[in-house]
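[1] what's the 3D shape of this:
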Amino acid sequence: MAALIDLFARRVVGWAFSSKSDADLIIKALNMAHELHGRPQDVLFHSDQGSQYGSRNFRQRLWRYRFKQSMSRRGSCHDNAQWSDFFAAWRRMGAYLHQSMEPPLILQSGKRAHTD
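    This next block holds a predicted model:
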């Protein structure tokens, strides 16, 4: 999952899901944010130094949207604290939802087994 967070509004403005964390995933989330929020310009896009953010395709997309890129210092966990907080909450919510679900149904010989 990739999520883009507007630090001023303190909300997620774009997201995308994929089995791979690559530049295409980030670009999908960026496209969503750009289209849904009136195609803003002169936006500062901040990220860590992951390879997907330094890829040519991603940097070209930022240039096309007239966004400026900012990257955190190497080894600085404080630069992306809001992003880390969001994903920690996301994981907690997923664990909560998983625990509140009913036990899975077990199929045996084509018949549904009963659960207590």
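[2] Test my guess that Gln41 contacts Lys68.
    No: using CB atoms under 8 Å, Gln41 is not in contact with Lys68; the gap is 10.0 Å. No exception for glycine: its C-beta is placed from N, CA and C like everyone else's.
[3] Identify the residue nearest Tyr53 in space, chain neighbours excluded?
    Closest residue to Tyr53 apart from its sequence neighbours, by CB to CB, 6 or more residues apart in numbering: Ser47 at 4.3 Å.
[4] Please apply the same query to Ala16.
    Closest residue to Ala16 apart from its sequence neighbours, by CB to CB, 6+ apart: Lys28 at 3.6 Å.
[5] give me phi/psi at Phe8?
    Per-residue torsions, Phe8: phi -70, psi -50 (degrees, to the nearest 10).
[6] Ok, Phe45 next?
    Dihedral pair for Phe45: phi -100, psi 110, per degrees, to the nearest 10.
[7] just the helices in this protein please.
    Under the criterion DSSP state H, helices of the chain are mapped to 23-36, 51-54, 56-64, 81-100.
[8] ok and the third one relative to helix 23-36, angle-wise?
    Comparing the axes of helix 56-64 and helix 23-36 via axes from the mean of the first three to the mean of the last three CA atoms, to 10 degrees yields an angle of 20 degrees.
[9] List of residues touching helix 56-64?
    With contact meaning CB atoms under 8 Å, 6 or more residues apart in numbering, helix 56-64 is reached by 23-24, 26-27, 30-31, 45, 52, 68-69.
[10] Give me the buried stretch members for that helix, please.
    For helix 56-64, burial by neighbour count (16 or more other CB atoms under 10 Å) applies to 58, 61-62.
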